[in-house]
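> requesting a structural model of the entry that follows:
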Amino acid sequence: MEVTKSKMLRRLACIAIVGLIAEGRAADVAAQDIVSTYRGEAERLTQAALGDSAAYKRLTELVDRFGHRFSGSESLERALDWILAEMRADGLANVRGEPVMVPRWVRGEESIELRSPRALKLPMLGLGGSVGTPAAGITADVLVVSSYDELSARAAEARGRIVLFNAPFTTYGETVRYRTGGAVAAARAGAVASLVRSVGPYSMRTPHTGGMSYEEGVARIPHAAITSEDADMLHRMQRRAERVTVTLRMSARMLPDSESRNVMAEVVGRERPDEVVVLGGHIDSWDVGQGAMDDGGGSVAAWEAVRLIKALGLQPRRTIRVVLWTNEENGLRGGNAYRDAHRSELSRHVLAIESDAGVFAPLGFGFTGSDEAFAIVQQVGRLLEPFGAGAITRGGGGADIGPIMQEGVPGMGLNVDGTRYFWYHHTDADTIDKLNPREMALCTAAMAIMAYVVADLPQALPRAPVAGR
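Down below sits the predicted model:
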C-alpha cells in the first residue's frame with residue numbers, strides 16, 4: 001500500500017516521540033535503581049553524621065589546639081602531625097603525608113595611622129606576598145579612587161601618594177581584582193604604596209587579607225587592606241577637600257621555601273582498588289583567625305565522611321581517598337604537587353570532590369564532566385534530597401582539584417548557603433563559633449553519600465574528552 005509523504009513524516013514523528021518517552025522512562029528507571037540500591041546506605045551515613053557532631057568536635061579541637069595554619073608555619077606542620085596520628089587511630093588505610101615545598105611569606109609587625117585630618121590608628125592587614133616598607137614606614141598623602149578607570153583618569157595625582165582603592169563589594173570575582181592587582185596599577189601611576197578596601201560585603205572593622213601579585217618590570221610597592229568602614233571615611237574626607245595623610249609600616253618579607261605535606265588516607269576498594277574517588281579541602285589557612293570556615297571545616301568534613309564509611313563497614317568497589325591539600329591560599333602548591341605525584345594514576349581517578357565554601361547548610365553539588373556523568377550524579381543527588389542537598393548543577397570544582405580536572409578528571413564542588421561566607425573570609429573573625437554543628441554534619445553526609453555511591457557504581461563515570469587532546 002502506498003504511504004504518502006505526510007503520513008510517513010507523521011509516523012516518523014510518532015516513532016521519535018515514543019523513543020524520547022522511552023529514553024525518559026529509562027532515565028527514570030536508572031535513577032530509581034540508584035536510589036533504591038543505595039537508599040539504605042545513604043540513610044545510615046546521614047544518621048551517623050547527625051548522631052554525635054563528631055566532625056564539629058574534631059574541627060573545634062583542631063582550631064583551638066593549633067590556631068591558624070599558614071603555609072610555612074610551625075602551627076601548620078604540628079597540625080598535620082596531629083591529623084596523621086588521628087587518621088591512623090581512625091583505622092583508615094594508607095595514611096601518609098606527601099612532601100610539598102611551599103612559599104613562606106612572613107607578615108611581621110604592621111600598622112597604619114591616620115595623621116591628617118586627625119590622628120587615628122586604623123585596623124589593617126598586609127596582603128600575602130607584599131613587600132614591606134622602610135623601617136620608618138611610609139608617610140604620604142592618600143588618593144582615594146573607586147576603580148581602575150578612575151585611577152587612570154587621575155594618574156597625575158597619584159605620583160608620590162598612597163593610592164586607596166575603595167571599590168564596594170559586588171561579587172568576589174569582580175571585587176578581588178583590586179586586591180590581587182592593585183599594587184601593580186598604583187605603582188604604574190607612580191604611587192609609593194597601595195591600599196584596598198577589604199573584599200567582603202559586611203564588616204565590623206574586620207580587615208580582610210589574601211593574596212596579591214606583582215608584575216615583572218613594575219616597581220614593587222607595599223600593599224595592604226583596611227576596613228570598609230575606614231575606606232569610606234577616608235573617601236568622605238577627600239570629598240570634603242581635606243588633606244588625608246597616613247603612615248604605613250610593614251615588615252613583611254619572603255623567606256626561602258619550606259617543606260610541608262598533603263595528608264591523605266583511604267578506604268580501599270574491594271574490587272577495583274586502583275580506581276579512586278578523591279575528596280577533600282585545603283588544610284592551610286591565612287595567618288589570621290582560626291581558619292575554621294576556610295577551610296578547616298571542609299577538610300574535616302571530608303575526612304569525617306571517609307571515617308564514617310569505614311566505621312559503618314562500607315567497602316565500595318573503588319578506593320575512596322581523602323586528601324587535605326596544603327598551600328591553597330598563597331600558592332596552590334599542594335594541588336599541583338598532587339597532580340604531579342599521581343599523574344600516572346589520573347586516568348583511573350573517577351571523580352574529585354572539593355569542599356571550600358564553608359560548611360554551612362548544604363544545597364547540592366556543582367559538577368564538571370561529561371553529559372553522561374552529569375546525568376548519573378544527578379541521580380545520586382536524589383539520595384540527598386531528604387536534607388535539601390539534592391540540587392546537582394552544571395559547573396563546579398575547586399582550586400585544589402583544578403590541576404587534575406585539567407587532566408580530565410571529573411570534578412565536583414560542594415554548594416552551600418553562602419550568605420555569610422564573605423563576612424568572615426580571610427579575617428580574624430574566621431573562628432569556630434561561626435559554624436553550626438548540624439550544618440557541618442549535613443555537609444559530611446552529603447560528601448559521604450556522593451563519594452560512596454560513585455565509588456560503588458558498577459561502571460565508572462564516563463569522561464568528557466580533554467580539550468586539545
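> let me know how buried residue 395 is, in neighbour terms.
9 (other CB atoms under 10 Å). (Each C-beta comes from the backbone N, C-alpha and C, glycine too.)
> distance of it from residue 413?
Per CB to CB, to the nearest Å, residue 395 is found 9 Å from residue 413.
> check residue 113 too.
From residue 113 to residue 413 the distance is 41 Å (CB to CB).
> out of those two, which sits in the busier spot?
Neighbours per residue, other CB under 10 Å: of residue 113 and residue 413, the larger number sits with residue 413, 23 against 16.
> so what touches the helix or strand harbouring that one?
Taking DSSP states H and E as the definition, residue 413 sits inside strand 411-416. Outside of strand 411-416, the residues within contact range by CB atoms under 8 Å, 6 or more residues apart in numbering are 298, 351-369, 377, 391, 393, 396-398, 401-402, 404-405, 439, 443, 446-447, 450.
> in strands only, show me those.
Of the contacts of strand 411-416, the ones assigned to strands by DSSP state E are 351-354, 362-368, 391, 393.
> what sits against residue 374?
By CB under 8 Å, 6+ apart, residue 374 lies in contact with 367, 392, 394.
> buried ones among those?
Among these, those classed as buried by 16 or more other CB atoms under 10 Å are 367, 392.
> and the residue nearest the centre of the protein?
Central residue of the chain (CA atoms, centre = their mean): residue 356, 3.3 Å from the mean position.
> so what's it up against?
Taking CB under 8 Å, 6+ apart, we find residue 356 in contact with 281, 282, 294, 295, 298, 328, 398, 399, 400, 413.
> export the contacts of residue 374 to a markdown table and tack on distance to residue 46?
A markdown table is the format used below for the contacts of residue 374 (distance: CB to CB, whole Å):
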| residue | distance to residue 46 |
| --- | --- |
| 367 | 21 |
| 392 | 17 |
| 394 | 25 |
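> flag the shaky bits of the protein, pLDDT-wise.
The chain contains residues with pLDDT under 70 at 1-32, 468-469.
> for the residue nearest to residue 319 when sequence neighbours are not counted, what are its contacts?
Nearest-residue entry for residue 319: residue 269, 4.3 Å, with adjacent residues in sequence omitted and distances by CB to CB, 6 or more residues apart in numbering. Contact analysis of residue 269 by CB under 8 Å, 6+ apart lists 275, 315, 316, 317, 318, 319, 320, 455.
> can you pull the phi/psi pair for the first one?
By that I understand residue 275. phi -90, psi 140 (degrees, to the nearest 10).
> again with the one 10 residues further on
Dihedral angles of residue 285 (phi, psi; degrees, to the nearest 10) stand at phi -140, psi 170.
> mind listing what it touches?
68, 69, 70, 291, 294, 295, 296, 329, 430.
> so the first one sits against residue 289, correct?
Think residue 68. Yes - with contact defined as CB atoms under 8 Å, residue 68 and residue 289 form a contacting pair (6.4 Å).
> the two: who's more crowded?
Taking other CB under 10 Å, residue 68 and residue 289 do not tie; residue 289 has more neighbours (25 against 21).
> tell me what residue 411 is bridged to.
Counting by DSSP bridges, residue 411 forms beta bridges with residue 352, residue 368.
> now the contacts of residue 356 as CSV including distance to residue 170?
Converted to CSV, the contacts of residue 356 look like this (distance: CB to CB, whole Å):
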residue, distance to residue 170
281, 26
282, 25
294, 20
295, 23
298, 25
328, 24
398, 22
399, 21
400, 26
413, 21
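> which one among those residues gets closest to residue 103?
Of all the contacts of residue 356, residue 328 has the smallest distance to residue 103: 12.0 Å, by CB to CB.
> which residues are in contact with the closest one?
282, 284, 295, 334, 335, 356, 399, 400.
> and the helix or strand harbouring the fourth one, what does it pack against?
In the assignment (DSSP H and E), residue 334 maps to helix 333-341. Contact analysis of helix 333-341 by 3 or more CB pairs under 8 Å, 6 or more residues apart in numbering; DSSP states H and E lists strand 93-106, strand 253-267, strand 318-325, helix 402-405 as its packing neighbours.
> let's see 10 Å
Secondary-structure packing of helix 333-341 (3 or more CB pairs under 10 Å, 6 or more residues apart in numbering; DSSP states H and E): strand 93-106, strand 253-267, strand 272-282, strand 318-325, helix 402-405.
> quick check: which of these is nearest to residue 160?
Proximity to residue 160 (CB to CB) singles out strand 253-267 among these, at 24.4 Å.
> which one of the contacts of residue 328 is nearest residue 177?
Using CB to CB, residue 399 is the member of the contacts of residue 328 that lies nearest residue 177, at 16.6 Å.
> can you get me a residue count around the closest one?
Residue 399 has 17 neighbours, counted by other CB under 10 Å.
> gap between the spatially closest residue to it that is not a sequence neighbour and residue 365?
Sequence neighbours aside, residue 328 is the residue nearest to residue 399 in space, at 5.5 Å (criterion: CB to CB, 6+ apart). Going from residue 328 to residue 365 by CB to CB gives 19 Å.
> again with residue 104
Using CB to CB, residue 104 is found at 34 Å from residue 365.
> bridge partners for residue 253, pull those for me.
Counting by DSSP bridges, residue 253 is bridged to residue 106.
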